[in-house]
Each structure stands twice: as C-alpha cells, then as structure tokens.
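Enquirer: No sequence on hand, only this structure:
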C-alpha cells in the first residue's frame, strides 16, 4: 500500500525528501557560518540567517531540477532566477504570515512556524511545478 502511494505520487514524495535534505543542508551551513560570527550582534545574526536561506535555495534548485522535476531546460541561469524569485516571494509570504500569526494574533511562534512550514512548502511546490519547471 505504501509503495503504491509512493508510485502514484512519486514527484510529491521526491519533493518532500529533497525538502528534508535541503533543510538539513541549510541548517548545517547555518551552524558553520555562525561559528566566526558574533551571534549577539543582530546584524551578524541576520547575515547568518541570510546565508542559510541562500544556501538552501541553491541546494534546493539543483536537487529539485534533477531529482524532482527532471528538468532538461538548457537555460539554467534563467530557470535558476525564476526559482530564486519564487523563493523570495515565499520568504516574504512567510515573514508576513509569521508577523500576522505571532504579533497580531498572539499565536505561539512554534505553532506559527509549523503552520507556515506547511503553507510555504505547498506554495514552493506549486511555484516550482507551474512557473519554474513547467513542461512545455
């Protein structure tokens, strides 16, 4: 039964696996880049967060391109820019959602983070499928 589900929804399964790997990779980058930084300095914290996000986007682009959407688009730079742009949109969406959920509505930040993770994962998949890696 599980094998049948995976077979029928292979792309979504692969997308989730790549997402877990992307998260592990970006968090590892974060752990490394914060070593030389002063994490008591808000600017340096933001630098570490940005580098984590950037590493995650780059890793996600190449793994999604190859293992999830099997893109053979020869215009890698153009495709990569579309991918990065869609991730900027979802980053801003997540920031807005977190502000609304935590600051406006008073929801616990961990619960808000979990809710946002689900929403952003779905949006990232839809943007990747329909805008970035769409089949002609």
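Expert: Yep, that arrived. Everything quoted here is computed from the prediction, not taken from an experiment. Numbers count the residues shown, from 1 in each chain.
Enquirer: show me where pLDDT drops low in the protein?
Expert: Applying pLDDT under 70 to the chain picks out residues 136.
Enquirer: redo that, cut-off 90
Expert: Along the chain, the model assigns pLDDT under 90 to residues 1-8, 37-45, 49, 110, 113, 135-136.
Enquirer: What are the boundaries of the helices in this structure?
Expert: Using DSSP state H, the helices found in the chain span residues 2-8, 10-33, 42-63, 76-98, 109-127.
Enquirer: out of these, which comes closest to residue 69?
Expert: helix 10-33 (7.4 Å; CB to CB). Using the backbone N, CA and C atoms, a C-beta is placed for each residue, glycine as well.
Enquirer: Is it correct that residue 55 is in contact with residue 26?
Expert: Yes - contact criterion CB atoms under 8 Å: residue 55 and residue 26 qualify, at 5.2 Å.
Enquirer: pretty sure residue 68 contacts residue 14?
Expert: Yes - using CB under 8 Å, residue 68 makes contact with residue 14 at a distance of 4.6 Å.
Enquirer: Which residue of the two possesses the greater neighbour count?
Expert: Per other CB atoms under 10 Å, whichever of residue 68 and residue 14 has more neighbours is residue 68, with 23 against 17.
Enquirer: From residue 13, how far off is the closest residue to residue 65 other than its chain neighbours?
Expert: Leaving aside its sequence neighbours, residue 65 sits nearest to residue 71 (CB to CB, 6 or more residues apart in numbering; 4.6 Å). From residue 71 across to residue 13, the span is 18 Å (CB to CB, to the nearest Å).
Enquirer: When those two are compared, which one has more neighbours?
Expert: The residue with more neighbours, out of residue 71 and residue 13, is residue 71; 19 against 14, by other CB under 10 Å.
Enquirer: What is the neighbour count of the residue nearest to residue 59 when sequence neighbours are not counted?
Expert: By the measure of CB to CB, 6+ apart, the closest residue to residue 59 outside its immediate chain neighbours is residue 25, 4.8 Å from it. By other CB under 10 Å, 17 other residues sit near residue 25.
Enquirer: Residue 25: what's it in contact with?
Expert: Under the criterion of CB atoms under 8 Å, 6 or more residues apart in numbering, the neighbours of residue 25 are 55-56, 59.
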